[in-house]
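Visitor: Everything below, folded, please.
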Amino acid sequence: MSDPTLDRFRELLRFPTYSHEGAGGVEEAFAGFHAALERLFPRVHAELEREVVAGRTLLYRWRGSGDGAPAVLMAHQDVVAVDDDSRWTHPPFSAELTGEGDEATIWARGALDDKATLVAILEAVEARLEAGFRPASDVYLVFGHDEEAGGSGVAQLVALLDERGIRPWLVIDEGGAVMDQLLPGLGPTAVVGVTEKGMMNVELSVEQSGGHAAIPLPGGSTAVLARAILRLENQPEPPHLIEPVVGLLESMGARLGGARGWMLRHARTFRGPLAKTLAKTSPQLAAMTRTTRAVTQLRGSSSRNVVPERATATINSRILPGETVESAVAAIVRTIDDPAVQVRVLEGTDPAPVSPADGPAWHAIAASIREVFPDAAVAPYVMLQASDSRHFAAISDRVYRFLPFDLRQEELESIHGIDERIRVATYRRAIAFFDTLVGRL
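Guide: Coordinates of the predicted model:
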């Protein structure tokens with residue numbers, strides 16, 4: 001039997017709304033996606049004011065009954081590339097529905113990142129409009145078109161809102177989720193990003209004498225570059241705990257007994273030992289304790305038998321709040337400690353400011369989470385990835401990052417990967433979360 005809620009979601013998942021450079025069929029995909037939104041959510045498009053910014057980013061204004069500060073609900077339309085669809089269990093844009101009951105699942109690129117959030121927001125708003133609901137103050141829906149490629153659309157949109165004097169009291173975008181067993185013996189925890197790491201791409205380059213590979217010279221460009229990379233690999237930044245991570249640990253400790261729970265409840269006192277422990281526990285937890293550096297690209301000779309005169313590496317760095325692009329570059333130069341290696345910043349953004357884990361905006365989100373996920377504790381955390389929400393820091397000091405999904409580990413790993421999917425029950429809870437949140441706006 002057909003389910004209109006799922007039918008709408010699956011139809012929208014079938015549009016390959018790519019934003020990466022060189023993608024084909026982008027105009028057609030976005031045009032079809034926008035037309036489908038208008039057809040599938042008629043009340044939203046009849047009663048809310050819609051603007052298109054930067055060609056494809058969508059801005060909706062839902063006028064409230066009062067003139068207080070507005071709230072912003074965010075998601076993005078674009079999806080990352082599919083490199084090899086033959087490795088998928090189901091075609092990535094078929095939106096296949098499989099299984100029954102709690103295991104019913106929809107398979108598609110964008111099912112988690114980030115169309116489930118986008119469509120869940122629209123489902124909640126459409127239902128509230130049908131019920132005659134009107135928010136106390138304006139609500140803006142912001143759907144970026146190129147989040148996966150840098151977020152220029154939302155950057156322009158925020159500049160537009162800034163010109164209009166808009167200062168939101170609450171902004172919520174993609175981010176943390178409801179995760180079970182963050183630590184052994186720990187129940188579900190809804191982690192809400194109160195900040196996100198900065199991002200920087202750095203080029204390391206070495207220029208030395210090259211020549212024929214049959215007569216290699218010692219200390220060639222590739223050898224010097226390899227030594228620099230190994231120094232960065234073997235000398236990571238020292239771990240330390242920033243305030244949002246302390247809040248996360250205290251929340252976990254409140255639900256754990258014994259010495260471990262006691263230490264976590266006193267995380268502020270034991271910052272040093274706990275930082276070292278987290279850094280050894282898992283790559284995910286380690287990334288919350290330091291600025292990370294990863295080699296993503298290597299370039300040398302274009303010929304197999306030529307030692308290159310110039311060798312380069314690209315380092316992708318994720319910068320912990322409290323640090324800056326400038327300080328992260330200085331740390332790289334200091335660690336490499338070799339004047340033969342030139343360090344050049346290709347692009348970079350500082351970490352987002354930290355939003356408070358208290359106050360009306362936080363409590364509206366936390367209360368909505370508890371209503372839909374009654375077994376979950378709510379805790380702040382540091383979002384490790386970049387999102388469109390970082391642009392809103394220019395006009396709001398209450399910016400939060402949360403996906404209202406209860407995710408299994410294999411589902412989390414499918415984001416940006418093979419077999420991206422969402423369980424139907426998870427999607428319905430996302431709609432319920434946004435309906436509950438909208439009712440508080």
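Visitor: ok, now which ones touch residue 357?
Guide: Taking Cβ atoms under 8 Å, 6 or more residues apart in numbering, we find residue 357 in contact with 192, 194, 244, 247, 380. Just so you know, the C-beta spots here come from the backbone N, C-alpha and C atoms, and that holds for glycine as well.
Visitor: State the number of residues packed around the first one.
Guide: Read it as residue 192. 26 (other Cβ atoms under 10 Å).
Visitor: for the least confident helix or strand in the chain by mean pLDDT, packing partners?
Guide: In the chain, the helix or strand scored least confidently by mean pLDDT, DSSP states H and E is strand 211-212, which has a mean of 73. On a contact count with 3 or more Cβ pairs under 8 Å, 6 or more residues apart in numbering; DSSP states H and E, strand 211-212 meets strand 306-307.
Visitor: residue boundaries of the helices in the stretch 251-400 of the chain?
Guide: Ranges of helices within the stretch 251-400 of the chain are 258-265, 271-281, 283-287, 325-336, 359-372, based on DSSP state H, counting those that start in this stretch.
Visitor: Could you tell me the least trusted of those helices?
Guide: Mean pLDDT is lowest for helix 283-287 out of the helices of the stretch 251-400 of the chain, coming in at a mean of 87.
Visitor: And that helix, how far out from the chain middle?
Guide: Centroid separation for helix 283-287 versus its chain: 15 Å, with Cα atoms, centre = their mean, to the nearest Å.
Visitor: can you list the weak-confidence ranges in the stretch 51-200 of the chain?
Guide: Counting by pLDDT under 70, the stretch 51-200 of the chain shows no low-confidence range.
Visitor: Output the helices of the stretch 251-400 of the chain as a markdown table; include the columns mean neighbour count and distance to residue 57.
Guide: Output for these, formatted as a markdown table (neighbours: other Cβ atoms under 10 Å; distance: least, Cβ to Cβ, whole Å):
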| stretch | mean neighbour count | distance to residue 57 |
| --- | --- | --- |
| helix 258-265 | 14 | 41 |
| helix 271-281 | 16 | 37 |
| helix 283-287 | 15 | 29 |
| helix 325-336 | 17 | 25 |
| helix 359-372 | 18 | 23 |
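Visitor: check contacts around the residue of the chain most remote from its centre.
Guide: What lies farthest from the middle of the chain is residue 215; by Cα atoms, centre = their mean that is 48.2 Å. Listed by Cβ under 8 Å, 6+ apart, residue 215 has no contact partners.
Visitor: Ok, the one 10 residues further on next?
Guide: Residues in contact with residue 225, defined by Cβ under 8 Å, 6+ apart, are 204, 205, 206, 311, 312, 313, 341.
Visitor: same thing but 6 Å
Guide: When contacts are counted by Cβ atoms under 6 Å, 6 or more residues apart in numbering, residue 225 touches 206, 311, 313.
Visitor: What count of nearby residues applies to the spatially closest residue to residue 265 that is not a sequence neighbour?
Guide: Distance criterion Cβ to Cβ, 6 or more residues apart in numbering; nearest residue to residue 265, sequence neighbours excluded, is residue 253 at 3.7 Å. Per other Cβ under 10 Å, the neighbour tally for residue 253 reads 19.
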